[in-house]
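>>> model this:
(chains A and B)
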Amino acid sequence: MPYLGSEDTVRELRRHLSNPNVQSDPLRYRSSILKVIRAMSQGVDVAGLFSEMVKACATVDIVQKKLVYVFLCSYATLNPELSLLVINTLRKDCQDPNPMVRSLALRNMVNLRLPSLAEYVEQPLSAGLRDRAACVRRVAVLGWAKLHNLQPASEIDAAVVNELYGLLRDPDPVVMVNCLRALEEILKEEGGMAINKPITHHLLNRLGQLDVWGQCEVLRVLQRYRPQSESELFDILSLLDASLVSPHPPVMAATLSLFLVLCPDLPAVSFAALERVRGPLLAACGSASRETRFTALCHIQLLLRSLPGLMGAHYKRFFCGYAEPAYIKQRKMQVLVELVNDDNVAMLLDELRGYCTDVNADTAQAAISAIGRIGRSYSDQCLQILTGLLGLQQEHITSAVVQTMRDLVWVCPQCSDTVCSALEGCEETLQDSQGRQALLWLLAVHGERVRSAPYTLEGFIDGVRGEASPGVKMELLTTTMRLFVCRPAETQDMLGRLLHHCIEEETDMCVRDQALLYYRLLRCGMEETRRVLGGRRSEPSLGVLIGRPAEPISQWASSFNTLEPLKQGAGETETTGRASPQHVTFDLDSDLSDTLNSGAEELDYVCLEERIRCPAVPHCSPQSLQAAMQLVNIQTLAFTAAHASPWRVYLYTHAQQAARSALILGQLLYAGEDEDEDEAGLSEGPSPRGREEEVKVTLKQRPRDEKALQGFLSILTAVLHTLPFNTH
Amino acid sequence: CFRSAVLICRNYKGDVDMAEIDRFLPLLMQHEEEGLLCPVLSHGKVHFMWIKHSNLYLVSTTNKNSNASLVYSFLYKIVEVFTEYFKELEEESIQDNFVVVYELLDELMDFGFPQTTDSKILQEYITQEGAKLEVGKSKVPTTVTNAVSWRSEGIKYKKNEVFIDVIESINVLVNANGSVMSSDIVGSIKLKTMLSGMPELRLGLNDRVLFGLTGRDKGKTVVMEDVKFHQCVRLSRFDSDRTISFIPPDGESELMSYRINTHVKPLIWIESVIEKFSHSRVEIMVKAKGQFKKQSVANNVEVRVPVPSDADSPKFKTSTGQAKYVPEKNMVVWTIKSFPGGKEFLMRAHFGLPSVENNELEGKPPVTVKFEIPYFTVSGIQVRYMKIIEKSGYQALPWVRYITQSGDYQLRTNV
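Numbers count the residues shown, from 1 in each chain, chains lettered A, B, ... in the order given. Reported below is the predicted structural model:
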């Protein structure tokens, strides 16, 4: 009936259904019902046929029954009164000798989702639990869960719950698993079903009989079990060993998840389990289904956070095929970045360079920023590739390269010379605002070393009238100001023009305000301007730690085998790929210590404060300090330049004791000579002036371990005393 | 809580609003445009996990932090079941069979939990003949209570036979400079069983492979990973004495599959020189070499060589086989019906390039190769024997066939 509107369709269908001739011919009757369902699937509102369909329910034809039930379940909530008429037929069907009919009736009785029918449904459901046929019991068990879901406030019938616990021993595996599911749903408020020793052992013993879905369900529920003794724990673990290397990724992941939950205090066991799943995980990465591959990749990223070396030898498995979807390629690149080492860096970079010219611009950009990430440890090779890419003169590639270089220069200031020489002339290929902002930022920070910087800026300023992006305009203002500070003769004229335009003609408030701010700043005099604009540069001695330290497994164990890892990385790419250093800029004096301090308050770190007398620590060179610390396995996070005041160093270490690793964070503070005199004077009387100066040490650790802290302190003191003594 | 595509919807749990699915397609389009497509899309609290099969999207919606790998496995399981029912899973087959689809969706999942997902069992009580009227049909499937859930009793054949296919696909990725970046073998043993009664089968494989399967001997054997057996194989038996014994499902089934991650010498080696003279022409020279035993022959070999999208007026010269330009796929397909081992063939192609400058950026599509080599397996797996025992004592014949074929077989070019 293609030409009829929805109302006509319904009228036509009703005429068919109520035609006695049609009703007496089962074939025609069924085909009319088929038409109703078809119309329903196509989105026609056929709710008006409810009473006709209720009549059609009384039939011996099982297919017709199923069709009618599909209809009734969709529209029952709209017609609660009429639905009462169906319940009689359904209850009669529950007595049918054919178990298929019984299970069908039982299932749909609950699927009507009408709380008002609950009283009629309970009796058949109870009978269903004791039915001979497994297929009826399966439906009945889940029926109770649905019923509870329908009226979550209603009281839980203890008898039913007991019966469900009893059915955990049902010979049919699906009934057993459905029981688990039902109990979990019904007892949700109490935190799920009780998992005691007999139940656990029973479930574990039947694991082999279950299908993939059932196994996953059992493994998930068992996460709540706490073994009573270590030997029981190991019995369980060895029983689960086979499923740990299951060829079905969901089972493998569920088992690993259970392992991690069961032994949070046995890192060695957890690590062994991670090693064990390496094979199956790699196999899942090569699965035919792209989604499985994607999921496996996301989970590998989690594992790498704790075991960075896990996949090192298998880096080739993460090379991208030409036809793979972009989301897989981008994940693989994120993994590849983690796997880089001295042996494979050449091969890896070669491969990544191939991806930089991918048809998909996002993939190309991800490849370029991956190279940038590797550049933090292997800057020469990476810069060579990045500069080479500029030669292609492709808009999106150049933009990504410039952004990557900006991010790289911030952490590796030693790259700045190469970057500066590469920048010449690339403004012509840059079109998007992100890329141009990055270029401007680089010119602002290293403008004195780029010969053509004023000409580049002039081009930008001449085109400022047509510039759409406020971000670019603001960046342009800052860059011109900074360049004016270091190269006034070349920039004075264009700065004037730019400020004039931005103050007089600009409509964007932010840009105008910034221009006004700079204008007023200039009026305060050159000295003041230089002082304000001069800051905010990455300090060559600022040794930001390269490579993350391995995280404890507990950091991510709870999100393993869920949806979370799939969503997580996407956000991460965003920050690593796009965020400009300005957004992550931290001011050493306030931000970092704030972070440390606020972390301390939130997580209830315990502090230890000591003063160490040591010869001229603040005067020694950062390199020698770092080298000395690393000898005793203390890592430096960041430190201020030598002779700065106040002078600080942030450091951390992993203390190993009793197979539990504890992180200790530390801060060394040398507050400067005047202050030092004050404080020291109060506590210990006048300290002898000379080469003896005090450094304040603050240590943080959670949970507090006095022995570890004292040990760390004594090592630290020893190191500080041995430091070479640089005088100027 | 799951639903299948816009064609048919099924709300199993009622905790996600049915209207939410309408947001899926716009969301998909939007992400596709931004190039941020991902198998999980979110709108507010609702997550859509989807897979694509031919022209259909299978979407599951959830508002929980669900187990992703399980959801994808289930979606693929649905594809598998539907494909076994309708041969092809596509829009038409769903529309033509939507009664069966509704029935299947009801059996596959209940209240958001997977129930019966074995298509062999499902086929016993949900049949397409359901469309023909048979009142009082559909008795309880024996399999629901049967000890052997994958085979019903009382199967009869006049001639008892079983066909065993050993199929290995080779995946290779070769770099532009000719080094093999990665390679693996995906193998499977497929059965077509036409046997009466409840036969007991025992499959004997050569030792080299058996050791590899169990991973006991680390010496010369090939190490197999990702070995999957059909549920009919008695795993305990296999673990104890390494015999593969089972009661087979009737008809076609996959007895086992495996993957070998090893360095495989590419069976057909391709050397290609593609020279672009901008504004005028492209010259392509491809050399194909069979790097397998002289006695074997590769059939239906297809070498697909990428060409620029704006190429025109093709001219070919081949030492054997035929070359054809497929402009809609931007490639030349060189077909060689029969390619003996150790032989080497050449193909030259010449294309004109228009004088208009074309966007340089087309990526670097690789050369791909398709082939099939019968009577040969790369891993060396061999069926030593197949014993068939049935209590009626009939004689049955096993037939074995080996095929090696190309899987994802890519050789990167240097254009």
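
>>> Near residue B:240, how many other residues are there?
The number of residues packed near residue B:240 is 9, by other C-beta atoms under 10 Å in any protein chain shown. All C-beta spots, glycine's among them, are computed from the backbone N, C-alpha and C.

>>> Need the per-residue pLDDT for the nearest residue to residue B:189 once chain neighbours are set aside.
Nearest residue to residue B:189, sequence neighbours excluded (C-beta to C-beta, 6 or more residues apart in numbering or on different chains): residue B:255, at 4.6 Å. Model confidence at residue B:255, given as pLDDT, is 92.

>>> So residue B:255: helix, strand or coil?
Assigned state for residue B:255: strand (three-state reduction, DSSP: H, G, I helix; E, B strand; the rest coil).

>>> Please enumerate the helices of the stretch 101-250 of chain B.
B:119-125, B:142-145, B:207-214, B:235-241 (DSSP state H, counting those that start in this stretch).

>>> thinking again about what came up before, does the residue nearest to residue B:189 really touch residue B:203, like I thought?
Yes: contact criterion C-beta atoms under 8 Å: residue B:255 and residue B:203 qualify, at 7.3 Å.

>>> what kind of secondary structure is residue B:294 in?
coil.

>>> so it sits right up against residue B:340, yeah?
Yes: Residue B:294 is within contact range of residue B:340, at 6.9 Å (criterion: C-beta under 8 Å).

>>> the more surrounded of the two?
Remark: of residue B:294 and residue B:340, residue B:340 carries more neighbours, 13 against 10, as counted by other C-beta under 10 Å.

>>> Leaving aside the residues adjacent along the chain, what's closest to the more buried one?
residue B:297 (5.1 Å).

>>> got the contact list for that neighbour?
B:338, B:339, B:340, B:341, B:373, B:374 (C-beta atoms under 8 Å, 6 or more residues apart in numbering or on different chains).

>>> Please pick the buried ones from those.
By neighbour count, with 16 or more other C-beta atoms under 10 Å in any protein chain shown, the contacts of residue B:297 hold B:339, B:341, B:373 as buried.

>>> Next, the contact list for the second one, please.
Yep, that's residue B:341 we're talking about. Contacts of residue B:341 (C-beta under 8 Å, 6+ apart): B:290, B:291, B:292, B:293, B:294, B:295, B:296, B:297, B:298.

>>> can you do 10 Å?
B:267-268, B:289-298, B:373, B:376 (C-beta atoms under 10 Å, 6 or more residues apart in numbering or on different chains).

>>> what is the mean pLDDT for the longest helix along chain A?
As assigned by DSSP state H, the longest helix anywhere in chain A is helix A:267-285. Taken as a whole, helix A:267-285 has a mean pLDDT of 88.

>>> Now residue B:410. Its backbone dihedrals?
Backbone torsions for residue B:410, taken as degrees, to the nearest 10, come to phi -120, psi 140.

>>> That one - how many residues pack around it?
By other C-beta under 10 Å, the residues close to residue B:410 number 21.

>>> and what of residue A:478?
18.

>>> That one touches residue A:440, doesn't it?
Yes: using C-beta atoms under 10 Å, residue A:478 is in contact with residue A:440, at 7.7 Å.

>>> quick one: which of the buried ones among the contacts of residue B:297 sit in strands?
B:339, B:373 (DSSP state E).

>>> Tabulate the buried ones among the contacts of residue B:297 (TSV), appending pLDDT and distance to residue A:188.
Output for these, formatted as TSV (pLDDT from 0 to 100; distance: C-beta to C-beta, whole Å):
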residue	pLDDT	distance to residue A:188
B:339	94	63
B:341	91	64
B:373	94	57
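
>>> From the buried ones among the contacts of residue B:297, pick the one nearest residue A:30.
residue B:373 (51.7 Å; C-beta to C-beta).

>>> My read is that that closest one contacts residue B:169, right?
No: Residue B:373 is beyond contact range of residue B:169, at 11.3 Å (criterion: C-beta under 10 Å).

>>> Need the overlap of contacts for the two.
By C-beta under 10 Å, 6+ apart, residue B:373 and residue B:169 have these common neighbours: B:403, B:404, B:405, B:406.

>>> The nearest residue to the second one once chain neighbours are set aside: what's it in contact with?
Distances taken as C-beta to C-beta, 6+ apart place residue B:373 nearest to residue B:404, at 4.5 Å, with adjacent residues excluded. By C-beta under 10 Å, 6+ apart, the contact list for residue B:373 reads B:168, B:170, B:267-268, B:290, B:292-293, B:296-299, B:301, B:339, B:341, B:402-406.

>>> In PyMOL, select just the buried ones from those.
This is the PyMOL syntax for the buried subset of the contacts of residue B:373, where burial follows 16+ other C-beta under 10 Å:
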select buried, chain B and resi 168+170+267+268+290+292+296+297+298+301+339+341+402+403+404+405+406
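
>>> what about residue 230, how many residues close to it?
All of this refers to chain A. Neighbours of residue A:230 (other C-beta under 10 Å): 11.

>>> that answer is for a different chain, and I need it for chain B
Neighbours of residue B:230 using other C-beta under 10 Å come to 16.

>>> Regarding residue 82, which helix or strand does it belong to?
As the question left the chain open, I've gone with chain A. Assigned by DSSP states H and E, residue A:82 belongs to helix A:80-93.

>>> look at chain B instead
helix B:68-86.

>>> hmm, back to that, and which of the buried ones among the contacts of residue B:297 is nearest chain A?
The closest of the buried ones among the contacts of residue B:297 to chain A turns out to be residue B:373 (C-beta to the nearest C-beta; 21.3 Å).

>>> Pull the contacting residues for the residue sitting nearest the centre point of chain A.
The centre of chain A sits closest to residue A:568, judged by C-alpha atoms, centre = their mean, with a distance of 1.8 Å. Applying C-beta under 10 Å, 6+ apart, we find residue A:568 in contact with A:298, A:301, A:302, A:556, A:559.

>>> what's the distance between it and residue A:362?
18 Å (C-beta to C-beta, to the nearest Å).

>>> repeat for residue A:715
Residue A:715 is 48 Å from residue A:362, by C-beta to C-beta.

>>> same thing with residue A:106?
For residue A:106, the distance to residue A:362 - C-beta to C-beta - is 51 Å.

>>> quick one, which of these two is more surrounded?
Set residue A:106 next to residue A:362 and count neighbours by other C-beta under 10 Å: residue A:106 wins out with 28 against 20.
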